[in-house]
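[1] take a look and give me a structure for this.
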Amino acid sequence: MAGIADRIAHLLVGERRRGELLYQKRNVDTRLIQNHWSSKITRAFATATIEGGANITIHEKEYYGPYNKLLYSLFPVDTDFDVSPNYLPPNDDDGGADFTMSFELTFRQRPVLILEVKPPQHLLFHLKRETADTHIRCHLIDLSGAWCCYRSRPRDLTTNFLLSGLAALPVLYGISAIGTRLCFYEFEKGPRRMTPQRIPSDHQSVVDVAPREQWNCDILESDGEQRLRALATQITEACERLQA
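    Sure, this is the predicted structure:
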């Protein structure tokens, strides 16, 4: 048992060290990127990564401020977009998992994007990734309006929306953030199709239904930044067309 614990500790320390090295590299490299995140945003994420000193685990609350700041930089306060923090309590569908923190981006009180946050060490564990994947899929379906039936959850912003036609756009977008690693989701209301497709489980063998590679970009690297900026532009332009 001690050997397993040591191995996990070694992996987590390696993840933190990787984050520190990446941030040091970004301080140089991002000067060459035309539209890189502001220094205040990268500093906020760097502080979250190294918060806690010698502690192995990093609490997800360290990422609430950075992601809140990031979303408001993409969807400013002087627009019709609102960023609402939301705590989702555990329920039977995710096996009694811990509370999930999400940010729900709305356009005129109708959801267009959901971002759920988990700490970076969750990326190392099969069950934690599966829980994060399952939770955001359910959340997207709940807020999409694709089905009229829904489960009321205490302190869930779902209760603030109508039961049908919730999402403002034909596609409701989602992001699962584990530390600074991102997985992008799309739920198309018409065909009721989710991307990425869910990997089916097998009751007779162990299947990694949410592989680590699914979180395939980092918000502080150029690919992650470009993908998030492109999504923000896509959402903004689609919402502008609603007003035309």
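
[2] now the helices for the chain?
    Assigned by DSSP state H, the helices in the chain fall at 2-29, 39-50, 64-74, 126-144, 222-243.

[3] comparing those by mean pLDDT, which bottoms out?
    Sorting the helices of the chain by mean pLDDT places helix 2-29 lowest, at a mean of 50.

[4] hey, what's the residue lying closest to Leu113 once chain neighbours are set aside bridged with?
    Spatial nearest neighbour of Leu113, chain neighbours left out: Leu105 (3.9 Å); criterion: C-beta to C-beta, 6 or more residues apart in numbering. All C-beta atoms are positioned from the backbone trio N, CA, C, and that covers glycine. Beta-bridge partners for Leu105, by DSSP bridges, are Val83, Leu113.

[5] contacts only, for Leu105.
    By C-beta atoms under 8 Å, 6 or more residues apart in numbering, the residues touching Leu105 are 71, 75, 81-84, 111-115, 235.

[6] can you give me the distance of Asp78 to Ser39?
    Applying C-beta to C-beta, to the nearest Å, the value for Asp78 to Ser39 is 22 Å.

[7] still on that earlier bit, give me the distance between the residue nearest to Leu113 and Gln197.
    Counting by C-beta to C-beta - Leu105 and Gln197 are separated by 24 Å.

[8] ok, His36 next?
    32 Å.

[9] more neighbours: which of these two?
    His36 (16 against 7; other C-beta atoms under 10 Å).

[10] just checking, that one touches Glu225?
    Yes. Taking contacts as C-beta atoms under 8 Å, His36 lies within contact range of Glu225: 6.7 Å.

[11] okay, and the beta partners of Cys217?
    Counting by DSSP bridges, Cys217 forms beta bridges with Leu182.

[12] neighbour-wise, which of Asp78 and Ser39 wins?
    Of the pair Asp78 and Ser39, Ser39 is the one with more neighbours under other C-beta under 10 Å, namely 11 against 5.

[13] gap between that one and Gly145?
    For Ser39, the distance to Gly145 equals 40 Å [C-beta to C-beta].

[14] with His122 instead?
    Counting by C-beta to C-beta, the gap from His122 to Gly145 is 29 Å.

[15] same deal with Ala210?
    25 Å.

[16] which of the two has more neighbours?
    Neighbours per residue (other C-beta under 10 Å) separate Ala210 from Gly145, with Ala210 holding more: 23 against 20.

[17] surely that one meets His135?
    No. In this structure Ala210 lies outside contact range of His135 using C-beta under 8 Å: 10.5 Å.

[18] what is the burial count for Phe45?
    Neighbourhood size, Phe45 [other C-beta under 10 Å]: 24.

[19] ok, and the closest non-adjacent residue to it?
    What sits nearest to Phe45 in space, not counting adjacent residues and going by C-beta to C-beta, 6+ apart, is Pro66, at 4.7 Å.

[20] was I right to think the one you found contacts Ile41?
    Yes. At 6.8 Å, Pro66 and Ile41 qualify as touching, with contact defined as C-beta under 8 Å.

[21] with neighbour numbers in mind, choose between those two.
    Neighbours were counted for Pro66 and for Ile41 using other C-beta under 10 Å; Pro66 has more, 25 against 19.

[22] can you tell me which residues contact that one?
    Pro66 sits in contact with 41, 44-45, 47-48, where contact means C-beta under 8 Å, 6+ apart.

[23] with Val209 instead?
    The contact partners of Val209, taken as C-beta under 8 Å, 6+ apart, are 130, 133, 198-201.

[24] and it, what pLDDT?
    90.

[25] not including adjacent chain positions, what is the nearest residue to it?
    The shortest distance from Val209 to any non-neighbouring residue, by C-beta to C-beta, 6+ apart, is to Ile199 (4.4 Å).
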